[in-house]
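Chemist: Quick one, what's the 3D model for this:
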Amino acid sequence: MFKKIVFMGTPKFAVPILEVINNSVHEVVAVYSQPAKKAKRGQKIVVSEIEKKSKNLSLNLRTPVQLDNNEYSYLKAINPDIVVVVAYGKIIPKIFLDIPKFGFINLHASLLPKWRGAAPIQRAIMNCDKETGISYMKIEEDLDSGPYMFQVKTLINEDTNYKQLSEKLSNIGAKSIIKCLNLIFDNKAKFINQDNSKVTYAEKIKKSEAKIIWSETANKIVAKINGLNPFPGAWFEYENSRFKIIKAKMIKENSEVPGKVLNDKLLVSCGENAIKILEIQKEGKSILKIDDFLSGNKIPIGAKLI
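Modeler: Numbering: from 1, shown residues only. You can find the predicted model right below:
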């Protein structure tokens, strides 16, 4: 028997999950997404990927600035059986949580209790974690603190970047969301309380974190490059120009002065070992393979990157 589902999500990560639910026997009675906003440059209005997809599917879309009394009354009136939340980007007020019969269920992109918060995928990569996954969690008043039903794990390879891992976890969610809903609707869901002694927080990425600190180990620097690709991008400066490193790998090399260029292929010394830059982007220019970049840009052996 079909159930009435409200979906709350905003970025591209949430789109495959919405599509699967919409193609199931259940009815998506409303979709909530963050409101459109002006782009950082210019006056172009940017709408979320979930808003685009909802309009494409002719779904009932709502984009309130905040979940206020009007939205409470609306949600109560449509009387959903469950609310599915996937990277919505807003805290759900406590008063909302008792509206649906089966509550609010959140697909969170980490193996809770590790990496609660806003940037779990990036933090897992930047922390050099070997695995991550998704958790289906019951939403409670505190941030990402509710008990979870089950988790799906996946490995993080040393060359996996944020975009790739985000797409992978999104697809895992799309393949498992109906299993999650069926367990709940059949009253077969078993929830596990999080171990609060093992909680870590994935704070939102700050712009200041994107600067490469050459005194860190090569492994840590490569993890930062991967975790911040494609956005905001890990960068360094040389001769008053900023360069983003798109892709790099760790090379075992005796450490010299951190940030020193060691050869003509842009091997750079770190606090421990070195990194070989494979793809790079000068500010305002296109992304280039390192050989193409070096054919038109000179960063000599012995140069100090900052």
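
Chemist: which helices and strands does the lengthiest strand in the chain pack with?
Modeler: The longest strand of the chain (DSSP state E) is strand 241-251. Judged by 3 or more C-beta pairs under 8 Å, 6 or more residues apart in numbering; DSSP states H and E, strand 241-251 is in contact with helix 218-227, strand 234-238, strand 274-282. To be clear about C-beta, it is placed using only N, CA and C from the backbone, and glycine gets the same treatment.

Chemist: And those: which comes nearest E253?
Modeler: With C-beta to C-beta as the criterion, E253 lies closest to strand 274-282 of the helices and strands packed on strand 241-251, at 3.9 Å.

Chemist: how many neighbours does H108 have?
Modeler: Counted with other C-beta atoms under 10 Å, the neighbours of H108 add up to 26.

Chemist: Actually, G302.
Modeler: For G302, using other C-beta under 10 Å, the count is 10.

Chemist: how about S170, what does it touch?
Modeler: K12, F13, A14, V15, P16, I17 (C-beta atoms under 8 Å, 6 or more residues apart in numbering).

Chemist: Dump the residues you listed into a markdown table; add pLDDT and neighbour count as well.
Modeler: Listed next are those as a markdown table, based on pLDDT from 0 to 100; neighbours: other C-beta atoms under 10 Å:
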| residue | pLDDT | neighbour count |
| --- | --- | --- |
| K12 | 98 | 17 |
| F13 | 98 | 20 |
| A14 | 98 | 28 |
| V15 | 98 | 21 |
| P16 | 98 | 19 |
| I17 | 98 | 27 |
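
Chemist: Looking at the residues you listed, which are in strands?
Modeler: Among the contacts of S170, none falls in strands (DSSP E).

Chemist: Out of those, list just those in helices.
Modeler: In this view, the contacts of S170 that belong to helices under DSSP state H are V15, P16, I17.

Chemist: The first one against K53, yeah?
Modeler: Spelled out, it's V15. Yes: in this structure V15 lies within contact range of K53 using C-beta atoms under 8 Å: 5.1 Å.

Chemist: and whichever strand or helix holds L107, which strands flank it?
Modeler: Using DSSP states H and E, L107 maps to strand 104-108. Strand 104-108 pairs in its sheet with strand 82-86 (parallel), strand 131-138 (antiparallel), by DSSP bridges.

Chemist: And the longest one, what's buried?
Modeler: Taking 16 or more other C-beta atoms under 10 Å as the neighbour-count basis, strand 131-138 is seen to contain the buried residues T132, G133, I134, S135, Y136, M137, K138.

Chemist: Residues contacting whatever helix or strand comes next after that strand, please?
Modeler: Moving toward the C-terminus from strand 131-138, the next helix or strand (DSSP H and E) is strand 148-155. Residues outside strand 148-155 that contact it (C-beta under 8 Å, 6+ apart): 105, 108, 111-112, 130-138, 168-169, 172, 176, 180, 183-184, 189-192, 194.

Chemist: Export the helices and strands packed on strand 241-251 to CSV and append columns for mean neighbour count and mean pLDDT.
Modeler: Output for the helices and strands packed on strand 241-251, formatted as CSV (neighbours: other C-beta atoms under 10 Å; pLDDT from 0 to 100):
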stretch, mean neighbour count, mean pLDDT
helix 218-227, 24, 98
strand 234-238, 18, 98
strand 274-282, 20, 98
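
Chemist: got the angle for the longest helix seen in the chain vs strand 82-86?
Modeler: If you go by DSSP H, the chain has its longest helix at helix 162-185. In terms of direction (axes from the mean of the first three to the mean of the last three C-alpha atoms, to 10 degrees), helix 162-185 departs from strand 82-86 by 170 degrees.
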